[in-house]
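Asker: Can you look at this prediction? I've put the sequence above it.
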Amino acid sequence: QVQLVESGGGLVQPGGSLRLSCSASLLTLNYYAVSWFRQPPRKGREAISCISNTDGSTFYGDSVKGRFTISRDTAKSTVYLQMNSLKPEDTAVYYCAASTACSTYADDLDYWGQGTQVTVSS
């Protein structure tokens, strides 16, 4: 069974940084577009970033643009989300997902991880 695994979440103070990782079993992420979504408490799931599997294009939601960076390490078949200048409103469960193309619609994505909690608080 294909499984995506996120890691790197935790508690960080406002203004701090975290780097999330997304890897997979029984799946080579290099061949897939990989997206990051997040779900704050009592809110819906929000698409925040994606990296294409074709030309390496990257996309960011307005709420994270300029602060978050998505990247891919093909040797490790791993996708990262570098999060800088974190704010309390970034507190959420962060999910990675794989699909044949980037999409902001969760239903378009084929494989999901279980999520990792990010809490931004002083």
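Answerer: On my side now, so go ahead. Numbers count the residues shown, from 1 in each chain.

Asker: In contact with the most centrally placed residue in the chain, which residues are there?
Answerer: Ranked by distance to the mean C-alpha position of the chain (Cα atoms, centre = their mean), the top residue is Trp36 at 2.7 Å. The contact partners of Trp36, by Cβ atoms under 8 Å, 6 or more residues apart in numbering, come to 20, 22, 47-50, 70, 81, 94-97. Any C-beta I mention is one placed from the backbone N, CA and C, and that applies to glycine too.

Asker: try it again with 7 Å
Answerer: Neighbour list for Trp36: 48-49, 70, 81, 94, 96 [criterion: Cβ atoms under 7 Å, 6 or more residues apart in numbering].

Asker: Now render those residues as TSV, adding secondary structure.
Answerer: Shown next, in TSV, are the contacts of Trp36 (DSSP: H, G, I helix; E, B strand; the rest coil):
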residue	secondary structure
Ile48	strand
Ser49	strand
Ile70	strand
Leu81	strand
Tyr94	strand
Cys96	strand
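
Asker: By neighbour count, which of those residues wins?
Answerer: Highest neighbour count within those, by other Cβ atoms under 10 Å: Cys96, with 31 neighbours.

Asker: any idea how far the residue nearest to that residue when sequence neighbours are not counted is from Ser122?
Answerer: The shortest distance from Cys96 to any non-neighbouring residue, by Cβ to Cβ, 6 or more residues apart in numbering, is to Cys22 (3.4 Å). Counting by Cβ to Cβ, to the nearest Å, the gap from Cys22 to Ser122 is 28 Å.
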